[in-house]
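Novice: quick one, fold the following:
(chains A, B, C and D)
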2 protein chains.
Amino acid sequence: MNAAAYSLDSQVGYLMRKANQRHLAIFSAYMPEMTPRHFAALARLNERGPLSQNDLGRQIAMDAATAKVMVDKLAENGLVKRSSDPADRRRRLIGLTPAGQARFAASVQAAHTITAETLSPLTADEAAHLTTLLAKLAGPETTA
Amino acid sequence: MNAAAYSLDSQVGYLMRKANQRHLAIFSAYMPEMTPRHFAALARLNERGPLSQNDLGRQIAMDAATAKVMVDKLAENGLVKRSSDPADRRRRLIGLTPAGQARFAASVQAAHTITAETLSPLTADEAAHLTTLLAKLAGPETTA
DNA sequence: TCAAATTTGTTCGTATACGAATGAAATACT
DNA sequence: AGTATTTCATTCGTATACGAACAAATTTGA
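Specialist: Predicted coordinates:
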């Protein structure tokens, strides 16, 4: 491997960083009041119902410390509420409030637009293929 | 668009975040002494020769403030040196030191391994296709 | 030639992510 | 039952990214 032969612009890692940057810019344009992670949390809670804080974190690929900060913020904004789990006193069950459900429902449209806009340089076939390939790269789905 | 129909696990943004997370873990396992951005800077400088600080930042997709911090650190580690541009007194030309060149040369192998490991869930054809698609998503190449 | 606009690099503030260490509670194992 | 291990949530420290505002230098255009 010759050092001169290394092409930064064709490395997956670099391309993912750039593609993700572009995506984040699109996201923030269409959904300025939330980050992708916040939206992911709402989506997951909407999909699966109340989860413990750590569980929620795992199911949207973030560690416990990060999840805590995020849940704090969502709770501040009234989108989520914590209740204690009678079966396990360590746990704090996180669930959507009505406001949280409403916010999620109101944002789904924008989320679809964001995905579409992000994928807009690709044909429909290419977009579908990319999604499939990324899913393989991303690893298992934490379906728990 | 029904809210219930929204599938987080098939959104490009979410998949890219997860894929990137996995990639970062691999990177840090094979090249613990550097971040992907630091390596990108070395690669770019190796490829194109000395660049002004802001230019370097643009060519590896980071803003001026971030580039400054990174260049400071690379300079601390002796991988890069700043010289003033006689033609433009605002500019600080950033170039690889011999140590920087050596570090880059010594890391190229690991970089290839990182890319290969990141792409390991895919066949060779799939990997090539993914790279092509990501390049389209990432936008233009700042070839300047 | 000279005023206006742009570019360069810097600093500051803010948001974000995560590893590691901790104490409390639950579970596993013997 | 009782000890060891694991899990939950929290806190602290550290690294990172970027927008915005700024002064100095350069370029543009009248």
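
Novice: then A:Asp125 would be within a helix, right?
Specialist: Yes. When classified by DSSP: H, G, I helix; E, B strand; the rest coil, A:Asp125 is found to be part of a helix.

Novice: in terms of pLDDT, where does it sit?
Specialist: At A:Asp125, the pLDDT value in this model is 97.

Novice: so what's it up against?
Specialist: By C-beta atoms under 8 Å, 6 or more residues apart in numbering or on different chains, no residues touch A:Asp125. Bear in mind the C-beta positions are built from the backbone N, C-alpha and C, glycine included.

Novice: which other residues reach the one helix or strand A:Phe27 maps to?
Specialist: When elements are defined using DSSP states H and E, A:Phe27 is found to belong to helix A:12-30. By C-beta under 8 Å, 6+ apart, the surrounding residues in contact with helix A:12-30 are A:8-9, A:35-36, A:110, A:113-114, A:117-118, B:12-13, B:16-17, B:19-20, B:23, B:27, B:36, B:40, B:60-61, B:114-115, B:118-119, B:127, B:130-131, B:134-135, B:137-139.

Novice: cool, stretch A:91-106 as well?
Specialist: Residues contacting stretch A:91-106 (C-beta under 8 Å, 6+ apart): A:39, A:42-43, A:45-46, A:49-53, A:56, A:71, A:74, A:78-85, B:3.

Novice: ok, and of the residues you listed, which contact DNA strand D?
Specialist: Intersecting the contacts of stretch A:91-106 with the contacts of DNA strand D gives A:52-53, A:71 (criterion: C-beta under 7 Å from any atom of the strand).

Novice: what would these look like in TSV with secondary structure, neighbour count and pLDDT?
Specialist: What follows is those, written out as TSV (DSSP: H, G, I helix; E, B strand; the rest coil; neighbours: other C-beta atoms under 10 Å in any protein chain shown; pLDDT from 0 to 100):
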residue	secondary structure	neighbour count	pLDDT
A:Ser52	strand	17	96
A:Gln53	helix	18	95
A:Val71	helix	21	96
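
Novice: chain A: strands as residue ranges?
Specialist: For chain A, strands defined by DSSP state E occupy the ranges A:51-52, A:80-85, A:88-96.

Novice: which of these is buried the deepest?
Specialist: Each of the strands of chain A was given a mean neighbour count from mean count of other C-beta atoms under 10 Å in any protein chain shown, and the largest, a mean of 18, is that of strand A:51-52.
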